[in-house]
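> Using only what follows, build the 3D model:
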Amino acid sequence: MIDPISAAWLAVAGVTLLGDPLVVVSIGIAAYLFGGRLRSGGRDRTREAMLLGLIAGALALTAALKTGLAITRPGGASTLPGSEGMGPVVESIYTWVVGPGGYAFPSGHATGAAVGWGGLAWVFADDDRRPLLVAGGAIVAIAASRVALGVHRPLEVSVGIGLGLTYLAVATRVAGTPRRTFALAGVIGTTSPLFVALDTDGLFAAGFALGGFVGWELLGAGRPSYRTSAIAIGGGLAVIGLFALRLELSQVALTLLAAGGGVAVVAAPLAVGNDRKNE
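Numbering: from 1, shown residues only. The predicted structure is shown next:
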């Protein structure tokens with residue numbers, strides 16, 4: 001039996017889960033696969049694909065900054081509020097959802113929420129402001145939950161939101177196409193280990209961005225670009241070779257799995273549909 005106070009903290013953890021990297025990536029994938037059923041103005045495959053690249057880029061950038069700055073979490077972050085009133089199983093799930101480990105600055109949940117939920121609103125808003133209001137509420141709620149749970153300071157979530165919204169605004173305007181958005185994410189993910197320690201989230205983001213780039217080049221760009229795809233694949237393998245001595249086998253497997261997932265997610269709907277974009 002969970003006491004009411006612990007149940008309330010579990011609800012807060014449910015809010016924070018909405019900013020978890022896996023959830024944010026899943027949001028992007030769902031928007032790409034099923035967005036046409038939700039968008040009143042019809043499918044915009046370009047924006048939907050760009051959202052995937054934006055999320056990957058935000059994950060890579062956050063991982064690089066966190067590892068590079070190496071700012072520890074607030075004191076007592078490992079002791080989560082309300083955990084004393086939970087059973088061992090519930091407490092382990094609660095701890096896993098909140099994720100009190102790792103570095104603190106900037107908040108990955110706040111950054112991911114700003115790009116993921118903000119990007120989702122950018123895809124679906126059109127002339128309707130309701131998606132923007134929902135996204136804004138979700139971003140603020142996720143950021144507040146991180147502070148309430150004691151795993152972040154207010155400055156860390158504030159910077160995370162600002163970083164995410166800035167990346168979203170700049171990348172959508174400067175990159176402008178799925179191939180460039182995926183390429184930007186891939187560049188951030190593959191070059192950051194030159195300056196900071198390797199990070200699992202960064203490797204996942206780099207692999208997914210590479211796969212997304214290849215998938216779009218093969219099936220989303222109107223005419224398959226095998227040469228560009230081959231160059232991208234070769235470059236990715238070269239980067240893995242460059243950091244081979246610093247990578248564990250599990251990290252190599254994760255990167256390759258993420259790359260394969262990126263290709264599959266981006267290319268599969270295009271392979272069976274006829275809604276390609278000439279980007």
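> which intervals of the stretch 151-279 of the chain have sub-threshold pLDDT?
193-194, 198, 220-252, 270-279 (pLDDT under 70).
> can you give me the helices for it?
154-174, 178-191, 200-215, 226-242, 249-272 (DSSP state H, counting those that start in this stretch).
> Now distance to A113 too, for those, in CSV please.
C-beta: built from backbone N, CA, C; applies to glycine. Shown next, in CSV, are those (distance: least, Cβ to Cβ, whole Å):
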stretch, distance to A113
helix 154-174, 7
helix 178-191, 17
helix 200-215, 15
helix 226-242, 28
helix 249-272, 21
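> Now tabulate the ones you listed in TSV and tack on distance to A135 and mean neighbour count.
TSV is the format used below for the helices of the stretch 151-279 of the chain (distance: least, Cβ to Cβ, whole Å; neighbours: other Cβ atoms under 10 Å):
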stretch	distance to A135	mean neighbour count
helix 154-174	10	18
helix 178-191	19	24
helix 200-215	21	28
helix 226-242	31	14
helix 249-272	22	18
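> Indicate which one of those helices is closest to L22.
Closest of the helices of the stretch 151-279 of the chain to L22 is helix 200-215, at 9.6 Å (criterion: Cβ to Cβ).
> hey, C-alpha coordinates of that closest one in PDB?
What follows is helix 200-215, C-alpha atoms only, in PDB (Å, rounded to 0.1, in the frame of the first residue of the first chain):
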ATOM      1  CA  THR A 200      25.600   7.100 -24.300                       C
ATOM      2  CA  ASP A 201      22.800   9.600 -25.100                       C
ATOM      3  CA  GLY A 202      25.100  11.400 -27.500                       C
ATOM      4  CA  LEU A 203      26.100   8.100 -29.300                       C
ATOM      5  CA  PHE A 204      22.400   7.200 -29.600                       C
ATOM      6  CA  ALA A 205      21.500  10.600 -31.000                       C
ATOM      7  CA  ALA A 206      24.400  10.500 -33.500                       C
ATOM      8  CA  GLY A 207      23.500   7.000 -34.700                       C
ATOM      9  CA  PHE A 208      19.800   7.800 -35.000                       C
ATOM     10  CA  ALA A 209      20.600  11.000 -36.900                       C
ATOM     11  CA  LEU A 210      22.900   9.200 -39.300                       C
ATOM     12  CA  GLY A 211      20.200   6.500 -39.900                       C
ATOM     13  CA  GLY A 212      17.600   9.200 -40.400                       C
ATOM     14  CA  PHE A 213      19.800  11.000 -42.900                       C
ATOM     15  CA  VAL A 214      20.400   7.900 -44.900                       C
ATOM     16  CA  GLY A 215      16.700   6.900 -44.900                       C
END
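> pretty sure V196 is touching A64, no?
Yes - if you go by Cβ atoms under 8 Å, V196 and A64 touch, sitting 5.6 Å apart.
> out of these two, which sits in the busier spot?
Applying other Cβ atoms under 10 Å to V196 and A64 shows that A64 carries more neighbours, namely 22 against 16.
> residue contacts, that one?
By Cβ atoms under 8 Å, 6 or more residues apart in numbering, A64 lies in contact with 188, 192, 195-196, 199, 202.
> List the residues that contact the residue nearest in space to the middle of the chain.
The centroid of the chain falls nearest to I55 when counting by Cα atoms, centre = their mean (4.0 Å). Taking Cβ under 8 Å, 6+ apart, we find I55 in contact with 24-25, 27-28, 112, 115-116, 119.
> please redo it, this time with the cut-off set to 6 Å
24-25, 28, 115-116 (Cβ atoms under 6 Å, 6 or more residues apart in numbering).
> ok, now V147?
By Cβ under 6 Å, 6+ apart, the contact set of V147 is 154, 157.
> Need the per-residue pLDDT for it.
Note on V147: pLDDT of 93.
> Over to it: give its phi and psi.
Here is the backbone geometry of V147 (degrees, to the nearest 10): phi -70, psi -40.
> Chain neighbours aside, what residue packs nearest to the residue nearest to the centre of the chain?
Excluding the flanking residues, the one nearest I55 by Cβ to Cβ, 6 or more residues apart in numbering is G28, at 4.5 Å.
> Would you confirm that the one you found contacts L51?
Yes - between G28 and L51 a contact is recorded at 5.0 Å, counting by Cβ atoms under 6 Å.
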